[in-house]
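K.L.:
Quick one: sequence and predicted model below, then my questions.
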Amino acid sequence: MPKAKAKAKAPVKVKASVKVKAKTAKRGVAAPKKAAKAKPVIRGGNRSGAGRPVGSGKYGCKTKAVRVPEHMVSEIQAFILKKVKAANK
């Protein structure tokens with residue numbers, strides 16, 4: 001009986017990334033890493049309702065930090081307390 005002819009094997013398709021890994025492995029160089037996908041930021045940022053409620057402080061309204069000379073601090077505090085007491089009457 002005649003021998004059956006061996007079928008020719010179709011060439012195997014190889015992905016480009018596999019080729020790169022094979023070439024770099026031969027050279028002793030690390031394979032390039034894929035770029036990581038950007039993930040959405042979950043932490044931080046503005047949150048509604050966060051922080052101290054307006055008007056809950058010592059004076060019952062918004063305040064602002066102001067620099068004053070040290071020798072005038074007691075006079076200014078007395079002035080502010082006088083105004084607050086007058087407003088609360």
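P.N.:
Here it is on my side, so go on.
K.L.:
mind showing which ranges of this protein have poor pLDDT?
P.N.:
Filtered on pLDDT under 70, the chain yields the residue ranges 1-36, 39-42.
K.L.:
where exactly do the strands run in it?
P.N.:
With DSSP state E as the criterion, the chain has no strands.
K.L.:
What is the longest helix of it by residue count?
P.N.:
helix 73-88 (DSSP state H).
K.L.:
could you say what helices and strands it packs with?
P.N.:
In terms of contacts (3 or more C-beta pairs under 8 Å, 6 or more residues apart in numbering; DSSP states H and E), helix 73-88 is not packed against any helix or strand. From N, CA and C alone the C-beta is placed, and that goes for glycine too.
K.L.:
Just the buried positions in that helix, please.
P.N.:
Residues of helix 73-88 include none that count as buried (16 or more other C-beta atoms under 10 Å).
K.L.:
Now that helix - C-alpha only, PDB.
P.N.:
Only the C-alpha atoms of helix 73-88 are listed here, as PDB (Å, rounded to 0.1, in the frame of the first residue of the first chain):
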ATOM      1  CA  VAL A  73      -4.700  91.600  71.000                       C
ATOM      2  CA  SER A  74      -6.300  92.200  74.300                       C
ATOM      3  CA  GLU A  75      -7.900  95.500  73.200                       C
ATOM      4  CA  ILE A  76      -9.300  94.000  70.000                       C
ATOM      5  CA  GLN A  77     -10.700  91.000  71.900                       C
ATOM      6  CA  ALA A  78     -12.400  93.300  74.400                       C
ATOM      7  CA  PHE A  79     -13.800  95.300  71.500                       C
ATOM      8  CA  ILE A  80     -15.200  92.200  69.700                       C
ATOM      9  CA  LEU A  81     -16.700  90.800  72.900                       C
ATOM     10  CA  LYS A  82     -18.400  94.200  73.600                       C
ATOM     11  CA  LYS A  83     -19.900  94.200  70.100                       C
ATOM     12  CA  VAL A  84     -21.100  90.500  70.400                       C
ATOM     13  CA  LYS A  85     -22.700  91.200  73.800                       C
ATOM     14  CA  ALA A  86     -24.500  94.400  72.300                       C
ATOM     15  CA  ALA A  87     -25.700  92.400  69.300                       C
ATOM     16  CA  ASN A  88     -27.100  89.600  71.500                       C
END
